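*Asks:* fold the following, please.
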Amino acid sequence: MYVCHQSLRQLGQAGFSCQSHVWLDGGLSETQLQSALARLARQHPVVTGRIAESDTGRIEWVGSGAAPALRVHTLGNDDESSVWRQAEALLAEPCDLDAADPIAFHLLRRPCGRDVLIVQWIHALMDGKAPELVLAELNRLAESPSPEMMDARHPERVDANNDGDITLILRRHPRKQRFKSAARVVASHLRLPVRSLTLEPPSKPAWVFAPTRIGLRTLDVDATAQLSARVRQLCGLHNLTPAVVASVYRVIARLSPRTKRHRSIFRTDVPLNLRTPGATGPIFRNYMSFISLHAHLHELRSRDGLTTLLHRRMREQLSAGMDLGNLVMMNQMSRRPRMLRRVLMRRMQRHPLTLGFGFLGPLMPGLEAVLGVPIERFYTLNMAISPPGLTLQVNLCRGRLNLAATYVEAVVPQKLADAFLDGVVEDLTVVESARTSRQSE
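*Replies:* Reported below is the predicted structural model:
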C-alpha cells in the first residue's frame with residue numbers, strides 16, 4: 001500500500017487516502033479528545049511517525065515523538081452537504097508520508113451541536129476495518145486513570161517491514177498448500193485480460209483524479225432486515241456481500257455508457273478480514289486479504305440467481321485457497337518495494353482497474369460511543385481513482401446498511417453517481433418476481 005500511495009503521488013494524485021465519518025449525537029470535548037490522541041500516540045508511535053524508503057530499499061517508520069494534530073472545522077450550517085464538501089476538500093489534500101502524519105483527525109462543529117469526527121488515514125498505515133479499532137482504543141485510553149496505569153499492550157513496532165503478524169498467519173498453513181494457492185493466483189492473472197465494464201465513458205484521459213465527490217445512501221432498519229432475511233434464504237448464512245455485488249453489477253450493466261456484449265465481464269476484489277472474531281488487533285496494519293468475484297452480462301438477468309451464483313463463487317475461491325494465495329503474493333511483493341513500484345506503475349498506466357468495492361460488515365460490537373458521546377451514524381470511504389471512476393464501501397451500523405461512494409466527477413458525473421446509488425438501493429430492496437428469481441445463469 002505504501003508503494004501504491006507513492007505511485008499515485010508520482011502520477012499527481014493526493015495519495016491513497018481513506019476516511020471514516022463518525023456522526024455523533026452530541027458535541028465532543030476538544031480537550032478530552034486531544035488528551036486521548038496524545039495518549040494514543042504514546043501507546044502507538046506509528047500514529048505520528050514518518051514513512052520513508054531507505055537507500056537499501058527498505059521501507060521504515062521513523063517516530064516523530066509529536067502529538068497528533070487535531071484540526072477543528074466550524075461549519076456554517078447543518079446541511080449534510082456541508083460535511084461532504086469538507087470531507088472532499090480533505091481528500092484532495094496531498095500527503096507526503098516522509099513529512100506528514102499517516103493518520104489525521106478532523107472535528108467538524110455543526111450549529112446543531114452534533115459533531116462529526118472524520119478520521120482520515122493513508123492506506124499504507126491500516127485497512128478499512130482498523131478505524132473502528134482506533135476509536136475503541138481512544139475510548140480505552142480515555143477511561144484509563146493515568147498513563148502509568150494503562151492496560152499494557154504491545155504497541156506496533158515502528159517498522160513498515162515488520163510482517164511478523166502476516167508471517168504467523170501464513171505459517172498456520174503447510175508450505176505446499178501456500179505454494180499451490182499462490183500458483184493458482186498467478187495462473188488466474190495469466191488468462192487473457194478482458195476489460196471490465198465500468199461507469200466510465202468510452203473516451204477519456206487515462207488518469208483523472210479530481211474533483212472527488214462523496215455520495216451516501218442508507219437502507220432503513222426494516223429494509224435491511226428484509227435484505228438479511230432474503231440472503232439467509234438464498235445462501236444459508238448472513239453474508240450480504242454477494243447480494244450487494246449482484247445489485248452493483250446489475251446497475252452498472254444498465255447505466256454504463258460502454259458497449260455491452262454477451263460476454264462482458266464485471267469483477268471486483270472483495271476484502272476478507274484476517275482478524276479472528278472479536279479481536280482488537282493489530283490496529284495499525286493492513287490485516288486483510290481478498291478474493292475476486294466476477295460475473296458476465298448474461299448472468300445478470302435474475303438478481304437472486306446472481307446472488308446465489310456469487311455466493312457459490314465465493315465459496316469456490318475460498319476452497320481453492322485464493323485468499324491464502326493472495327496473502328502469499330502480497331507478503332512476497334512487500335519485500336521488494338522498488339520492483340513492485342516499477343511493475344505497479346506500468347500496470348496502472350496500461351490497464352484499467354476494476355470497480356472498487358469493499359464490504360466491511362457490521363460495526364464492531366461495543367463501539368456505541370466516542371469518548372462518551374453516542375454514535376449516530378458511521379461510514380467508511382475509500383479513495384476514488386479513475387479508472388474506474390467510482391469506489392464503493394458498504395457497512396452495517398445500528399441495523400442499517402450504509403452505501404458510501406467516492407467518485408471522480410470529471411469521469412462519473414453527479415447525475416450518474418446518484419443514479420448508480422439509487423439504482424443499487426432499489427435493486428436491493430425490490431421484490432423480485434417468482435418467474436425471474438427462478439432464472440439463473
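
*Asks:* what's around the residue nearest to residue 256 when sequence neighbours are not counted, how many residues?
*Replies:* Leaving aside its sequence neighbours, residue 256 sits nearest to residue 197 (C-beta to C-beta, 6 or more residues apart in numbering; 5.2 Å). (Glycine included, C-beta is placed from N, CA and C.) Neighbourhood size, residue 197 [other C-beta atoms under 10 Å]: 23.

*Asks:* list the contacts of residue 197.
*Replies:* Residues counted as contacts of residue 197 (C-beta atoms under 8 Å, 6 or more residues apart in numbering) are 252-253, 256, 258, 260, 264-266, 297.

*Asks:* can you do 6 Å?
*Replies:* With contact set as C-beta atoms under 6 Å, 6 or more residues apart in numbering, residue 197 has these partners: 256, 258, 264, 266.

*Asks:* what does residue 22 give?
*Replies:* Taking C-beta under 6 Å, 6+ apart, we find residue 22 in contact with 117, 370, 375, 378.

*Asks:* make sure residue 403 is indeed in a strand.
*Replies:* Yes. Per DSSP: H, G, I helix; E, B strand; the rest coil, residue 403 lies within a strand segment.

*Asks:* check contacts around it.
*Replies:* Counted by C-beta under 6 Å, 6+ apart, residue 403 has contacts 217, 394.

*Asks:* host element of residue 140?
*Replies:* Using DSSP states H and E, residue 140 sits within helix 130-143.

*Asks:* distance from the chain centre to the helix or strand just after that helix, please.
*Replies:* Next in sequence after helix 130-143, counting helices and strands by DSSP H and E, comes helix 164-170. With C-alpha atoms, centre = their mean, to the nearest Å as the basis, helix 164-170 stands 22 Å off its chain's centre.

*Asks:* just checking, what packs against helix 164-170?
*Replies:* Packing contacts for helix 164-170, counted by 3 or more C-beta pairs under 6 Å, 6 or more residues apart in numbering; DSSP states H and E, involve no helix or strand.

*Asks:* give me the residues contacting the next helix or strand after that helix.
*Replies:* Per DSSP H and E, helix 164-170 leads on to helix 175-189 as the next helix or strand towards the C-terminus. Contacts with helix 175-189, where a contact means C-beta under 6 Å, 6+ apart, come from 320-321, 324-326, 328-329.

*Asks:* dump helix 175-189 to PDB, restricted to CA.
*Replies:* Taking Å, rounded to 0.1, in the frame of the first residue of the first chain, the C-alpha atoms of helix 175-189 are listed here in PDB:
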ATOM      1  CA  ARG A 175       4.300 -24.700   2.700                       C
ATOM      2  CA  LYS A 176       3.000 -26.900  -0.100                       C
ATOM      3  CA  GLN A 177      -0.500 -25.500   0.400                       C
ATOM      4  CA  ARG A 178       0.800 -21.900   0.400                       C
ATOM      5  CA  PHE A 179       2.700 -22.700  -2.900                       C
ATOM      6  CA  LYS A 180      -0.300 -24.200  -4.600                       C
ATOM      7  CA  SER A 181      -2.500 -21.300  -3.500                       C
ATOM      8  CA  ALA A 182      -0.100 -18.700  -4.800                       C
ATOM      9  CA  ALA A 183       0.300 -20.700  -8.100                       C
ATOM     10  CA  ARG A 184      -3.500 -20.600  -8.600                       C
ATOM     11  CA  VAL A 185      -3.400 -16.800  -8.200                       C
ATOM     12  CA  VAL A 186      -0.600 -16.500 -10.700                       C
ATOM     13  CA  ALA A 187      -2.500 -18.700 -13.200                       C
ATOM     14  CA  SER A 188      -5.600 -16.600 -12.800                       C
ATOM     15  CA  HIS A 189      -3.600 -13.500 -13.800                       C
END
